[in-house]
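A.B. asks: Sequence plus the predicted model coming up.
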Amino acid sequence: MEIQPEYRTYIQKDTDVRRAALVARQYAQACGFSVLEQWRIATIAAELSSNLCKHVGEGVLILRPLGREKQIHGLVISTRDRGPFIGDPKQAFSDGYSKGRMWQPQEGDDCPESLGVGLGTVKRMSDRVIINITKAGGTVVVVMVKK
């Protein structure tokens with residue numbers, strides 16, 4: 001894969017999530033990341049894309065290199081959506097937080113839709129994560145991963 005200044009893909013369904021993870025890994029490889037780092041980046045892209053599908057319904061995943069061609073020192077992975085926004089962005093990074101609340105097992109709830117570990121995982125795998133709520137009520141998540 002050739003390194004594009006920016007790669008964008010629309011996320012709406014599960015197949016889009018798988019494609020985003022694959023493309024993110026290929027993009028990371030083209031940027032010179034190690035195999036382990038490529039999978040870390042693919043996992044981050046998959047988690048962010050999955051959140052778009054589960055919680056918002058649709059959005060955009062964007063990949064951009066940090067640096068220029070032969071001097072790439074990292075990657076920015078971001079998502080943008082039109083909402084609803086994350087109620088408490090700080091709390092959202094806590095494991096077990098999903099859909100605006102801490103997940104508590106309920107009787108008969110053997111298979112929850114989400115365990116609420118996605119953004120916590122993204123935070124642990126990243127060098128920096130920023131969440132911004134837009135004036136229109138959407139969310140922008142920006143993740144930086146350095147080599």
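C.D. replies: It's in.

A.B. asks: and the end-to-end length of stretch 123-134?
C.D. replies: This stretch, stretch 123-134, spans 21 Å end to end (CA to CA, to the nearest Å).

A.B. asks: Check stretch 125-141 too.
C.D. replies: 14 Å.

A.B. asks: List the contacts of that stretch.
C.D. replies: Stretch 125-141 has contacts (CB atoms under 8 Å, 6 or more residues apart in numbering) with 40, 43-44, 48, 56, 74, 78-86, 89, 92-93, 119, 122-123, 142-146. Every residue, glycine included, has its C-beta placed from N, CA and C.

A.B. asks: Just the buried ones among those, please.
C.D. replies: Buried residues within the contacts of stretch 125-141, defined by neighbour count using 16 or more other CB atoms under 10 Å: 40, 43-44, 48, 56, 74, 78-81, 85-86, 89, 92-93, 119, 122-123, 142-145.

A.B. asks: Strands - which of those land there?
C.D. replies: In strands, judged by DSSP state E, the following of the buried ones among the contacts of stretch 125-141 are found: 74, 78-80, 142-145.

A.B. asks: now the residues you listed as JSON lines including pLDDT and distance to residue 36?
C.D. replies: Shown next, in JSON lines, are these (pLDDT from 0 to 100; distance: CB to CB, whole Å):
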{"residue": "74", "pLDDT": "95", "distance to residue 36": "15"}
{"residue": "78", "pLDDT": "97", "distance to residue 36": "22"}
{"residue": "79", "pLDDT": "95", "distance to residue 36": "23"}
{"residue": "80", "pLDDT": "94", "distance to residue 36": "28"}
{"residue": "142", "pLDDT": "95", "distance to residue 36": "22"}
{"residue": "143", "pLDDT": "96", "distance to residue 36": "17"}
{"residue": "144", "pLDDT": "96", "distance to residue 36": "17"}
{"residue": "145", "pLDDT": "96", "distance to residue 36": "12"}
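
A.B. asks: Give the closest residue to the residue sitting nearest the centre point of the chain in space, chain neighbours not counted.
C.D. replies: Geometric centre of the chain, nearest residue: residue 48, 2.4 Å, by CA atoms, centre = their mean. Closest residue to residue 48 apart from its sequence neighbours, by CB to CB, 6 or more residues apart in numbering: residue 79 at 4.7 Å.
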